[in-house]
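Asker: Got a predicted model here, sequence first, then my questions.
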Amino acid sequence: MNPTSWNASDVEDWARRVGLSESTITRLSENEVDGPTLVTLEKDELRSELGIGSLPARRYLWDLIVTLRSYQSSSDHTAAIDVFEEDIELLPLQGIADASAGGGMEIDEEVVNQLRRDAAQQRQIISDHMMALRIQSFGTQQTYEDAELARAEGDRIRQLSIQCEFDQRYAQSLDRRGMERPGVNHEENRAQIASLFGL
């Protein structure tokens, strides 16, 4: 995963995989955001430049950008450790070549082993960091999904509230107009209406 090599289409594919809303994906696409642009976006640009209005969507996208930056940094560190390990393995060979050329450089095997242990420890730190990022990004996505679900549920509750208010007014208007059916227990009807509509 190297976001600095992504084009705008790759960013769009990534946005779908991580569960960004269609409106956020549209904003990224309309602004032709590619990988290098994505990882250099600033938090305030999500609203000011991209026009992402939803606070949960901006927070989720920002957390994803921070995570991508961390992945990129970890990838860069891993590449540096790879080079370091290659250099460590060349030390004994360089020492032999220098000694045979009369340079007299002697490589202490314990120093080489300590360098190998240091490289392995650095690799483990990066691996642990990557695991922590995965765990954190899962929690962030869950928070975003929960916020989106809460917003949708809030919309549904508002619609039900509007419908309930309408039904209450309608029931009251029927009662005021005397639209009661003959031969029906009106008190029982009123009690049912009251229980159904919260009157």
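Answerer: Yep, it's here.
Asker: going forward, measure contacts between C-alpha atoms and count neighbours the same way
Answerer: OK.
Asker: ranges for the helices of this structure?
Answerer: In the chain, the helices defined using DSSP state H lie at 8-17, 22-30, 35-40, 45-48, 55-100, 109-177, 186-197.
Asker: And those: which comes nearest residue 2?
Answerer: Across the helices of the chain, residue 2 has its closest neighbour in helix 55-100 (6.4 Å, CA to CA).
Asker: Tell me the helices and strands packed up against the closest one.
Answerer: helix 35-40, helix 45-48, helix 109-177 (3 or more CA pairs under 8 Å, 6 or more residues apart in numbering; DSSP states H and E).
Asker: Now mean neighbour count too, for the ones you listed, in TSV please.
Answerer: Below are these laid out as TSV (neighbours: other CA atoms under 10 Å):
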stretch	mean neighbour count
helix 35-40	18
helix 45-48	14
helix 109-177	14
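Asker: weakest of the ones you listed in terms of mean pLDDT?
Answerer: Note on those: helix 109-177 shows the lowest mean pLDDT, a mean of 75.
Asker: helices or strands up against that one?
Answerer: helix 55-100, helix 186-197.
Asker: How far away from the center of its chain is it?
Answerer: Computed by CA atoms, centre = their mean, to the nearest Å, the chain-centroid distance of helix 109-177 equals 8 Å.
Asker: What distance do you get for the most centrally placed residue in the chain to residue 16?
Answerer: Geometric centre of the chain, nearest residue: residue 64, 4.1 Å, by CA atoms, centre = their mean. Between residue 64 and residue 16 the distance is 12 Å, computed by CA to CA, to the nearest Å.
Asker: try residue 53
Answerer: In terms of CA to CA, residue 53 sits 18 Å off from residue 16.
Asker: Check residue 158 too.
Answerer: Distance from residue 158 to residue 16, counting by CA to CA: 29 Å.
Asker: can you redo the helices and strands packed on helix 55-100 as a markdown table with distance to residue 74?
Answerer: Shown next, in a markdown table, are these (distance: least, CA to CA, whole Å):
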| stretch | distance to residue 74 |
| --- | --- |
| helix 35-40 | 14 |
| helix 45-48 | 24 |
| helix 109-177 | 6 |
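Asker: how about the ones you listed, which one is nearest residue 24?
Answerer: Of these, nearest to residue 24 by CA to CA is helix 45-48, at 9.7 Å.
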